[in-house]
Structures are given as C-alpha cells and as structure tokens.
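Chemist: Pasting the sequence and the predicted coordinates here, then a few questions.
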Amino acid sequence: MASLEEQLTGWTAPSSDSEQERQERTERMIRDAVTWHQPFADSSLRVFAKGSYANKTNIRVDSDVDIAVECYEAVYNDESQPGLIAPGVAYEGPWTPERLRHELANALKAMFPGQVDTSGTTAIRIRSNSARVNADVVPCFSYRYHLPHTVREGVKVFRSTGTTIINYPAQQLDKGRTKNKETSHAFKRAVRLLKRVQKALVDEGLCRPLPSYFVECLAYNCPNHVFSAPTWTEVLRGMLTHIFSYADAGEPSDESRRWLEVNECFFLFHPAQRWTRIDARSLALAAWNHFGFE
C-alpha cells in the first residue's frame with residue numbers, strides 16, 4: 001500500500017500525455033470551427049484557452065477544456081468613478097451578444113454534429129468522445145475597467161438570462177505563472193494536490209462540491225514559504241492551516257489583508273460569490289481530519 005506521501009505526490013501530477021493530446025485536439029478543432037465559419041470571416045475574434053487547462057492546474061480526473069471566443073470589435077467600458085471615460089461613439093456593428101452566441105453555436109454544431117449542448121446560460125458545451133475531452137466555449141466581448149491611473153482589461157460575458165459576468169483571464173494566467181516561479185514551480189503542483197484532496201472528500205461525502213477555481217484561489221492566498229516544505233504532506237498541512245485560520249476569522253476590515261482571487265482583481269469573499277468562508281473552513285477541516293493531522 002502506498003504511503004500518504006506517495007499518494008499526495010501522485011496527486012500533484014498534471015494530465016497524462018494521452019489526456020493532453022485529447023485536450024489539444026479539442027482546442028484545435030474549436031479554433032478551426034471559428035476560423036471556417038463564414039459569418040466570422042471578416043470579424044475581429046480571438047480564440048484562447050482559459051481556466052485550469054490554460055493555467056496547467058487541471059487534474060487527471062478533470063481534463064475539460066475551457067475556451068473563450070472574444071469579439072473585440074465591440075468594447076464595453078466601466079469606470080471606478082465618474083469622469084474617467086471620455087465620451088465616445090457607440091458601437092453600431094453587427095455583433096450583439098445574441099448574434100455572437102447564435103453564430104458560435106452554429107460554428108460548433110458544424111464541427112461537432114450532435115455533440116453540442118446550448119442549454120447552458122453561460123457556456124456552450126461540447127461533449128467528449130474517444131478522441132476529445134469535454135469543452136466549455138464561452139462567447140464574450142472585450143472589456144475595460146477604468147481606474148484613476150490605469151485601465152484593467154478583461155472580458156465581458158453576456159449570459160442568455162440577461163445577466164453579465166466580468167472575467168480577467170490574462171491576469172489569472174500572469175499571476176499564477178509569477179507565483180509558480182516564486183515557489184520554484186511548486187505552486188501549480190500544490191493546486192493540483194488541493195483539487196485532488198477536495199475531490200476525494202466529495203467522493204466520500206465529507207465535503208460539498210466546490211468550483212475548481214475557488215480551490216485554486218485558496219492555494220494562491222497561502223504564503224510562498226508554505227510551498228517550500230520538504231514533503232507534499234507538509235505542504236498540504238501548511239495550506240490547510242492557513243486556509244482554516246483565515247476562514248475561521250472574520251473578514252478583515254483592512255482591505256489590504258483580504259484574500260483575492262488569483263487574478264487579484266476581485267476579493268475572494270463577497271456576497272455575490274458562489275462560495276463562502278464557511279466552504280473554505282469546512283474544506284480545510286474535513287481534509288485535516290481525513291488525513292489525521294495533529
């Protein structure tokens with residue numbers, strides 16, 4: 001029987017070579033679907049991977065691919081305070097949120113006949129087969145958030161329900177890479193470890209399912225020295241200690257001490273999030289007890 005350290009070391013591994021091939025094939029086919037779709041011929045679109053797949057923090061049991069199709073003909077703007085945005089001309093081109101979603105669905109259906117699910121409010125789902133993995137494809141638009149001394153660039157997603165989401169995938173990628181370098185490439189392995197721990201707890205009924213991104217954010221907020229521990233058992237113990245300690249206390253009144261998402265553009269905990277401090281505390285406590293830490 002493998003020791004705990006051997007088990008945890010195995011859980012730090014990325015997708016297998018065969019899974020990576022299926023992921024890359026899925027991404028390539030989605031890019032081709034957009035490129036070959038005639039209504040997109042003269043449009044300004046950017047197709048890019050995002051999420052765990054792009055950030056290389058996905059685990060072997062969760063090899064889905066997240067792809068964004070960004071229309072940058074239309075740029076949406078917001079400002080942190082009035083007067084930062086100069087008056088401009090409103091976009092009058094053909095790409096409304098409804099049309100972009102409709103044409104993207106058509107492009108994907110042509111490439112993946114019978115495998116496309118458009119019932120979701122945010123992403124268009126492509127089901128896997130023996131040669132591909134599942135994929136979520138999100139239509140979105142360029143977005144700029146104007147601050148007094150800088151402009152934060154992201155994407156704006158229009159859900160079919162009429163609500164919107166602001167994401168900052170470039171910042172997430174950059175911040176994750178930086179922390180990975182600062183921790184001698186231990187951070188992303190630790191993220192995969194914590195995701196596998198969370199899945200094991202869910203499988204045993206010890207924890208409710210939590211978004212993969214939330215688990216990544218919890219690891220991101222642990223100090224860098226945690227990831228320099230000599231064993232993965234100690235790395236996990238350190239992450240759980242910091243997560244529990246922060247979640248068990250009240251949200252700091254000093255904003256500089258509040259935890260952030262990996263993109264560092266949003267606070268990790270606020271009323272609009274899909275997760276709570278209780279979720280973080282419960283995950284850390286369940287894992288601590290499950291592995292018999294003292």
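Modeler: That came through fine. Computed from a predicted model, the values in this text were never measured in an experiment.

Chemist: can you pull the contacts of the residue positioned nearest the centre of the chain?
Modeler: With distances taken as Cα atoms, centre = their mean, the residue of the chain nearest its centroid is residue 51 (3.4 Å). Residues in contact with residue 51, defined by Cβ atoms under 8 Å, 6 or more residues apart in numbering, are 58, 66, 169, 212, 213. All C-beta spots, glycine's among them, are computed from the backbone N, C-alpha and C.

Chemist: Most neighbours among the residues you listed, please name it.
Modeler: Scoring the contacts of residue 51 on neighbours with other Cβ atoms under 10 Å, the highest-scoring entry is residue 58 at 26 neighbours.

Chemist: how far away is that one from residue 239?
Modeler: From residue 58 over to residue 239 the distance is 18 Å, taken as Cβ to Cβ, to the nearest Å.

Chemist: Tell me the spacing between residue 100 and residue 288.
Modeler: With the distance defined as Cβ to Cβ, residue 100 ends up 46 Å from residue 288.

Chemist: Comparing the two, which residue is more hemmed in?
Modeler: Neighbours around residue 100 and residue 288, counted as other Cβ under 10 Å, are more numerous at residue 100. The numbers are 24 against 17.

Chemist: Might one say that the more buried one is in contact with residue 73?
Modeler: No - under the criterion of Cβ atoms under 8 Å, residue 100 lies out of contact with residue 73, with a separation of 9.8 Å.

Chemist: check which helix or strand covers residue 69.
Modeler: Take DSSP states H and E as the rule and residue 69 turns out to sit in strand 65-79.

Chemist: Could you point out the helix or strand that follows that strand?
Modeler: Downstream of strand 65-79, the next assigned helix or strand under DSSP H and E is helix 97-111.

Chemist: which secondary structure elements does the longest helix along the chain contact?
Modeler: With DSSP state H setting the assignment, residue counts place helix 17-36 as the longest helix in the chain. With contacts taken as 3 or more Cβ pairs under 8 Å, 6 or more residues apart in numbering; DSSP states H and E, helix 17-36 sits against strand 45-50, strand 65-79, helix 97-111, strand 135-147.
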